[in-house]
Structure formats: C-alpha cells, structure tokens
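Peer 1: What shape does this take:
(one chain, ligands or ions: 1)
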Amino acid sequence: MLVLGQTVNQSASAAESRYGATAPKLAEQQSSVGGPTPTTVAEMWSAWCARCHADDGSGKVKEPTITVEPMDFTECKVTTPEPDADWARAIAKGGPGVGLSPEMPGFEDSLTREQISGFVKHMRGFCKEARWPSGNANFPRPIITEKAFPENEFLLLPVVSHATEPSSASATDVGLVAVYERRIGRRAMYEVGIPFYNWDFQTSRASAIGDLAVAIKYAAYASTTTPRIVSFGLEATLPTGELYKGFGKGTVVFEPFIAAGTMVGDWYVQAHGKVELPVDTLVDRAYLYNVYVGRDTSAAPNTWTLGVELNGENRELWVTPQIRKGLTGTGALAASLGASIPVKYRGERVVSWVGYLLWEFLEPLRARR
Ligand code: HEC
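Peer 2: Got it, this is the predicted structure:
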C-alpha cells in the first residue's frame with residue numbers, strides 16, 4: 001500500500017513539476033481562451049491547439065493568428081495516410097520536425113509522450129468516416145515488392161529486364177517506367193504504367209514504348225489501428241510494346257496479385273506474390289514472389305531507410321539490397337537505389353541497378369510560408 005501510494009505521489013509530483021515548469025508557456029498560449037486549466041485531451045485541444053486548428057480540427061478559425069492555414073483534419077483522404085508517428089513528431093518538434101511550417105510550435109518541453117499520443121488519438125477522431133486504412137500501415141515503398149497500401153503517387157523506375165533469352169534489349173539499353181497511382185474511395189487504387197526505351201540502333205539512337213500496364217488494387221484487410229494490411233489486385237499488360245524490336249510480350253497478360261505488410265518491432269515486412277497469365281498460351285506463365293525487410297534510421301519523414309528484398313521468378317532468385325531517402329523535409333519526394341544480384345539464375349549473371357523516384361502528389365513538398 002505504502003509503495004503504491006508513493007508511486008502515485010511521485011508520478012503526480014512529476015507531472016506537477018512538468019506543468020509547473022511550463023505552465024507559463026502554455027498559459028500564454030491559452031491567454032485568448034482563459035477559463036480553468038484543462039484536464040482532458042479535448043479540453044487541452046480547445047485551450048492549446050484550437051486557436052490555430054479550430055475546435056473541430058478543420059483549421060478554419062474566425063480570426064487566424066498565423067499565415068499558414070493548417071491542413072483540415074476532418075478530411076479523411078488527406079489525414080488517414082499519415083502515420084501516427086509523423087503527427088507525434090510534429091507535436092513534439094513543431095512543424096520543422098516534419099518539414100512543415102515553423103508556425104506549428106513544438107510541445108516537446110511541455111507535454112509528456114502519453115499526452116502527445118493522446119492528442120494524436122484525439123485528432124484521429126476528426127475523421128468521422130469508418131473503414132479508411134490506417135496510415136500506420138503506409139510503409140516505405142520497396143523497389144520491386146508491390147506495396148499493399150493504396151497510394152496517390154507518381155513514380156519513375158528503371159526497367160529491369162529479367163529476360164533469359166537474348167533479345168535486342170541488351171544490358172546497355174535504357175528503359176524507364178512512368179507509373180501513376182491514384183486512390184479510389186477508401187480502399188481501392190488504380191495504376192497506369194508506361195515503359196519507355198531508348199537504345200543504340202545501328203548508328204543512331206531509337207526509342208519505343210513497351211507494354212502498357214493497368215492495375216486495380218483493393219485493401220481487403222486493413223486494420224484501423226495496428227500496422228497490418230492485405231491487398232488484392234489485378235494487373236493487365238497490353239501488347240502495345242514494339243515486339244519486333246524486342247519490347248513486350250506480344251500478348252495480353254493478366255496478373256492477379258496479393259500484397260501484404262506489417263511491422264515486426266521496428267522492422268517493416270512486406271510481401272507480394274503474383275502469377276502472370278498470358279492470354280496467348282504459347283507464352284509461358286510466370287510465378288513471382290517478393291519479400292522485403294527494412295527499417296528507418298530515424299523518425300524524420302525524410303529519413304534514410306535501409307532494406308533488402310528477395311525477388312523470385314519461377315525457379316530464379318535475386319537479392320536486392322537497397323537504400324531509400326526522403327528528398328524533401330516532408331518526405332513527399334523520395335528516391336530509392338538498389339542492386340539486384342542474381343542468386344539462382346540460368347542466364348547471364350549480371351547485377352542490375354534498380355530504384356525509383358517517387359512523388360506523393362497530395363502531400364506538401366515543403367513548408368508553406
Ligand atoms: C500557433 C498556431 C498553432 C498551434 C497553437 C498549434 N498548431 Fe499544429 N499546426 C499549425 C500549422 C500552421 C500547421 C501546418 C504547418 C504546415 O502545413 O506547414 C500545424 C500542423 C500540425 C500537425 C501536422 C499535421 C500534418 O500536416 O502532418 C499536427 C499533428 C499538429 N499541428 C498538432 C497540433 C497540436 C496537437 C496542437 C496543440 C497541442 C497544435 N498543433 C497547436 C499551427 C498550430
């Protein structure tokens with residue numbers, strides 16, 4: 001009993017001293033609100049956050065005291081893809097901690113970790129619609145493994161040709177796929193990808209497009225709290241490639257796939273499997289599977305992320321170590337670079353450079369002023 005009493009007292013006085021030290025600061029911020037000292041998170045929100053973010057989280061206040069209007073937290077489309085960790089960091093370190101405006105103050109010195117996660121939880125409540133997948137399962141995109149979380153993204157990727165037969169597309173050819181991904185509603189996404197090639201043709205350079213790919217993806221299982229997600233999808237590649245030059249398969253190929261992601265401790269684990277079913281039965285079926293494991297080196301949205309993939313196609317296997325970096329403070333622009341190393345391969349043993357440049361086009365690129 002005594003011990004228990006002591007602990008309670010201790011933590012009470014710890015909290016007191018925390019507030020004691022910082023009360024003037026928060027009281028200052030609170031001056032326009034007045035009234036008794038807030039105790040619940042909702043009251044604290046009204047007292048310390050609402051003058052900029054509004055009571056309802058919309059950011060629309062009658063008399064703004066700042067020049068940057070904060071994002072509308074009631075807009076589920078924009079808020080749900082954000083991981084809790086990014087919001088917690090914004091509250092602790094202020095806008096600059098996540099590449100946003102310094103008009104968002106940092107509360108690291110005046111709030112406990114528990115209070116900060118209390119705020120994040122409170123803010124999650126501003127989105128009133130159910131069934132939006134939690135941004136906690138919005139993991140960094142691996143290079144080859146399909147991501148399960150539906151995205152609003154534009155990507156550029158070098159083409160990796162795992163062709164086992166020699167074709168006119170040699171290792172020195174340059175290929176690039178442009179991919180556009182767009183969310184539909186709460187759980188679905190469509191995707192369009194067009195490969196471009198440019199290569200030496202006799203004495204000049206020639207270019208061509210490859211097989212156009214269209215895909216839909218649906219997050220069938222997405223926890224709204226834990227970082228766990230499973231998506232199903234169907235991709236179709238159309239024979240738009242100039243086959244006689246060696247680009248494309250010359251037939252429509254249907255590719256049903258499954259993609260999943262979770263976290264194990266601090267590690268991201270993502271997996272992806274698909275079957276390539278060509279309409280032309282003379283073209284071989286292919287079974288592909290990819291597994292990614294990786295982790296961030298810091299909590300900043302522009303962190304370095306280190307990872308490695310295993311990429312299997314039929315009986316062949318590659319290992320792809322990779323590194324990813326957010327290029328702007330918000331991480332809305334990111335690049336990844338890796339090397340695909342054949343482990344079990346019946347063709348020529350070449351290591352290919354792989355990677356991407358990615359732009360999350362609904363995220364702010366950098367802080368507004
Ligand atoms: C002085 C005004 C002000 C106060 C007070 C304030 N904020 Fe903010 N906050 C902002 C602005 C402005 C932004 C957006 C910055 C941007 O988009 O560049 C922001 C952004 C945020 C973000 C990041 C959202 C995102 O876009 O990722 C979170 C989380 C947040 N605020 C939480 C809080 C909490 C919790 C409180 C109270 C404890 C609070 N804010 C108090 C002005 C304020």
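Peer 1: According to the record, where do the domains of the protein fall?
Peer 2: Per automatic domain parsing, the domain ranges recorded for the chain read 2-124, 135-360.
Peer 1: who wins for proximity to residue 367 among the ones you listed?
Peer 2: domain 2-124 (4.5 Å; CB to CB). (Each C-beta comes from the backbone N, C-alpha and C, glycine too.)
Peer 1: most tightly surrounded among the domains of the chain?
Peer 2: Among those, ranked by average contacts under mean count of other CB atoms under 10 Å, first place goes to domain 135-360 (a mean of 17).
Peer 1: Could you list the low-pLDDT ranges of this protein?
Peer 2: Within the chain, the set of residues satisfying pLDDT under 70 comprises 1-35, 160-173, 200-201, 243-246, 349.
Peer 1: okay if I get the domains of the chain as JSON lines plus distance to the ligand?
Peer 2: Shown next, in JSON lines, are these (distance: least, CB to the nearest ligand atom, whole Å):
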{"stretch": "domain 2-124", "distance to the ligand": "3"}
{"stretch": "domain 135-360", "distance to the ligand": "8"}
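Peer 1: among those domains, which is nearest residue 369?
Peer 2: Closest of the domains of the chain to residue 369 is domain 2-124, at 7.0 Å (criterion: CB to CB).
Peer 1: Output the domains of the chain as JSON lines; include the columns distance to residue 368.
Peer 2: Output for the domains of the chain, formatted as JSON lines (distance: least, CB to CB, whole Å):
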{"stretch": "domain 2-124", "distance to residue 368": "5"}
{"stretch": "domain 135-360", "distance to residue 368": "11"}
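Peer 1: and residue 318, that's in a strand?
Peer 2: Yes: assessed with DSSP: H, G, I helix; E, B strand; the rest coil, residue 318 lies in a strand.
Peer 1: can you tell me the helix or strand for residue 120?
Peer 2: helix 113-124 (DSSP states H and E).
Peer 1: phi, psi of the residue nearest to residue 357 when sequence neighbours are not counted?
Peer 2: Nearest non-adjacent residue to residue 357, counting by CB to CB, 6 or more residues apart in numbering: residue 156, 4.6 Å away. Main-chain torsions, residue 156, degrees, to the nearest 10: phi -120, psi 130.
Peer 1: and the residue in the stretch 251-369 of the chain positioned nearest to the ligand, what element?
Peer 2: Nearest residue of the stretch 251-369 of the chain to the ligand (CB to the nearest ligand atom) works out as residue 367 at 4.7 Å. Take DSSP H and E as the rule and residue 367 turns out to sit in neither a helix nor a strand.
Peer 1: cool, and residue 322?
Peer 2: Going by DSSP H and E, residue 322 is in strand 316-326.
Peer 1: And that strand, how far out from the chain middle?
Peer 2: 17 Å (CA atoms, centre = their mean, to the nearest Å).
Peer 1: Next secondary structure after it?
Peer 2: strand 333-344.
Peer 1: partners of that following strand in the sheet?
Peer 2: Strand 333-344 pairs in its sheet with strand 316-326 (antiparallel), strand 352-360 (antiparallel), by DSSP bridges.
Peer 1: Tell me which of those sits nearest to residue 242.
Peer 2: Nearest of the strands paired with strand 333-344 (CB to CB): strand 352-360, 21.7 Å.
Peer 1: what's next to that closest one, contact-wise?
Peer 2: 141, 143-144, 151-158, 160, 171, 320, 322, 331-340 (CB atoms under 8 Å, 6 or more residues apart in numbering).
Peer 1: So which residues of the stretch 201-350 of the chain form strands?
Peer 2: 204-209, 212-222, 228-238, 253-264, 267-278, 286-296, 304-313, 316-326, 333-344 (DSSP state E, counting those that start in this stretch).
Peer 1: okay, now residue 130: neighbour count?
Peer 2: By the criterion of other CB atoms under 10 Å, residue 130 has 8 neighbours.
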